[in-house]
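*Asks:* Give the three-dimensional model of this entry:
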Amino acid sequence: MGIISIENTDRLFWLGRYTERVYTTIKIFADKFDSMIDLDEIEYEDFCKSQDIPNIYKSKQDFIQKYCFSLEDENSIFSNLMRAYDNAIVLREEIGSESLSYIQLAVYAMNQAAISGAPLLGLQKVTDNIAAFWGMADDDIDESQIRNIIKVGKLIERIDIYSRLGKDPEMLRREARRLSNRIDKSQIRYSLKTLAHVNYLVQLDEVPYDTLTEAVERLVVDTN
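*Replies:* Numbering: from 1, shown residues only. Below is the predicted model of the structure:
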């Protein structure tokens with residue numbers, strides 16, 4: 001395929017980030033759904049704080065509806081899915097029509113979930129289609145650099161979310177190892193010093209999660 005343009009490198013990187021953001025936040029939301037309904041009226045406030053998003057929601061029902069399905073909420077799962085879709089459409093040539101079709105199916109599943117009486121089942125179909133997109137991209141995209149850029153975006157987003165949630169340090173170490181093994185292959189411009197700092201932070205007995213989040217966000221020097 002030849003050299004990937006700077007503009008498409010940016011789109012591929014953010015396609016990886018947005019698909020991971022949708023996938024992981026749905027998983028987190030599903031884990032918290034039962035406790036929000038049955039136990040804790042305001043658990044969503046802690047969720048918003050952990051993800052550094054404004055709490056614009058009036059109640060748990062309002063949170064469930066808007067955070068999942070409102071396109072007017074720029075932090076919603078649906079808004080992030082549409083950002084992934086917008087990038088994927090432009091990248092049809094790079095990622096292939098079959099890979100793109102799974103992003104389109106995820107959007108369709110999200111629309112169906114929004115009008116369903118059982119939103120968790122619909123959201124599960126969204127994650128299934130995103131996982132299928134990643135699998136198809138691995139199988140269908142011949143250019144290894146394209147695959148690697150998407151995966152670097154995924155891994156950076158995953159570490160970002162996991163650090164915001166204070167996940168088990170071993171989970172962070174695993175993802176940091178995978179990122180270190182992948183980032184050079186992507187040919188994305190990044191700070192070697194910051195990568196070393198990320199790897200140092202995840203090895204600490206008590207991971208400084210806020211510092212790690214900041215470091216991960218500074219890692220990629222410039223995709224524009």
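
*Asks:* Domain-wise, how is the protein divided?
*Replies:* The chain breaks down into these domains under automatic domain parsing: 1-142, 154-224.

*Asks:* Format those as a markdown table; extra columns: mean neighbour count and mean pLDDT.
*Replies:* (Glycine included, C-beta is placed from N, CA and C.) Shown next, in a markdown table, are these (neighbours: other C-beta atoms under 10 Å; pLDDT from 0 to 100):
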| stretch | mean neighbour count | mean pLDDT |
| --- | --- | --- |
| domain 1-142 | 17 | 89 |
| domain 154-224 | 17 | 94 |
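
*Asks:* for these, which one sits closest to Asn148?
*Replies:* Ranking those by their distance to Asn148 (criterion: C-beta to C-beta) puts domain 154-224 first, at 3.9 Å.

*Asks:* How far away from the center of its chain is that closest one?
*Replies:* 14 Å (C-alpha atoms, centre = their mean, to the nearest Å).

*Asks:* Stretch 128-142 too?
*Replies:* That offset, for stretch 128-142, works out to 15 Å (C-alpha atoms, centre = their mean).

*Asks:* for stretch 80-98, same thing?
*Replies:* Worked out by C-alpha atoms, centre = their mean, stretch 80-98 lies 15 Å from the chain centre.

*Asks:* got it, and stretch 127-139?
*Replies:* In terms of C-alpha atoms, centre = their mean, the centre of stretch 127-139 is set 13 Å apart from its chain centre.

*Asks:* Let's have the domains of the chain in TSV, adding distance to Asn148.
*Replies:* What follows is the domains of the chain, written out as TSV (distance: least, C-beta to C-beta, whole Å):
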stretch	distance to Asn148
domain 1-142	9
domain 154-224	4
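
*Asks:* Tell me the helices and strands packed up against the biggest helix by length in the chain.
*Replies:* The longest helix of the chain (DSSP state H) is helix 6-38. Applying 3 or more C-beta pairs under 8 Å, 6 or more residues apart in numbering; DSSP states H and E, we find helix 6-38 packed against helix 43-50, helix 60-69, helix 77-90, helix 92-95, helix 119-140, helix 144-165.

*Asks:* Tell me the helices and strands packed up against the first one.
*Replies:* In other words, helix 43-50. helix 6-38, helix 60-69.

*Asks:* okay if I get the ones you listed as TSV plus distance to Leu155?
*Replies:* Listed next are the helices and strands packed on helix 43-50 as TSV, based on distance: least, C-beta to C-beta, whole Å:
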stretch	distance to Leu155
helix 6-38	8
helix 60-69	24
